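Student: no sequence on hand, only this structure:
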């Protein structure tokens, strides 16, 4: 591949952004006494709530590629810290649903809010068509990395 191509430039830039977000996540985890997997779990649970996905421990374990014992330990830890709660599914009372507690959301906004604000401000400097192009690109990248992960 041509390392100087515009497409490879995007790959390198996306990698740099990913590394920066990962470092931010690690700093947040360290400040809160969390493991990086705890932070990823909270992100998955917040995304599930935003999209209306019923987040069960099994679903979360699948997202994180954890076995049942690892998922149980993770959920127990997050519940003990007051960041997640287990609840019953009203449609199937045998099923446990996971929800992020307000405390976790507040901690996240306190730490990540300024960065999110700057990203939103940067996005507001683009026209809607440009944002749609970026959205299509990032969606395609997300799908391709998802396929690579499942191989």
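Tutor: In hand now; what should we look at? Quantities reported herein were computed from a predicted structural model and do not represent experimental measurements.

Student: where is the longest helix in the protein?
Tutor: helix 6-32 (DSSP state H).

Student: the helix or strand containing residue 85 pairs with which strands?
Tutor: Residue 85 is located in strand 84-88, with elements delineated by DSSP states H and E. Strand 84-88 pairs in its sheet with strand 96-100 (antiparallel), by DSSP bridges.

Student: what is the rounded mean pLDDT of the partner strand?
Tutor: Strand 96-100 comes out with an average pLDDT of 96.

Student: try stretch 73-82
Tutor: Stretch 73-82 comes out at a mean pLDDT of 97.

Student: which residues sit against it?
Tutor: 33-35, 37-38, 41-42, 57, 60, 64, 66, 84-86, 98, 101, 103-104 (CB atoms under 8 Å, 6 or more residues apart in numbering). Using the backbone N, CA and C atoms, a C-beta is placed for each residue, glycine as well.

Student: now stretch 117-125
Tutor: Contacts to stretch 117-125, defined as CB under 8 Å, 6+ apart, come from residues residue 131.

Student: how far off centre is that stretch?
Tutor: 19 Å (CA atoms, centre = their mean, to the nearest Å).

Student: averaged pLDDT, that stretch. What do you get?
Tutor: The pLDDT scores in stretch 117-125 average 97.

Student: okay, the angle between the helix or strand where residue 113 lies and strand 96-100?
Tutor: For residue 113, the host element (DSSP H and E) is helix 102-123. When axes from the mean of the first three to the mean of the last three CA atoms, to 10 degrees is applied, the directions of helix 102-123 and strand 96-100 differ by 60 degrees.

Student: OK, contacts around the residue nearest to the spatial centre of the chain?
Tutor: Nearest to the geometric centre of the chain sits residue 43, at 3.4 Å (CA atoms, centre = their mean). If a contact means CB under 8 Å, 6+ apart, then residue 43 has no contacts.

Student: that one should be in a strand, yeah?
Tutor: No. Under DSSP: H, G, I helix; E, B strand; the rest coil, residue 43 falls outside any strand and is assigned helix.
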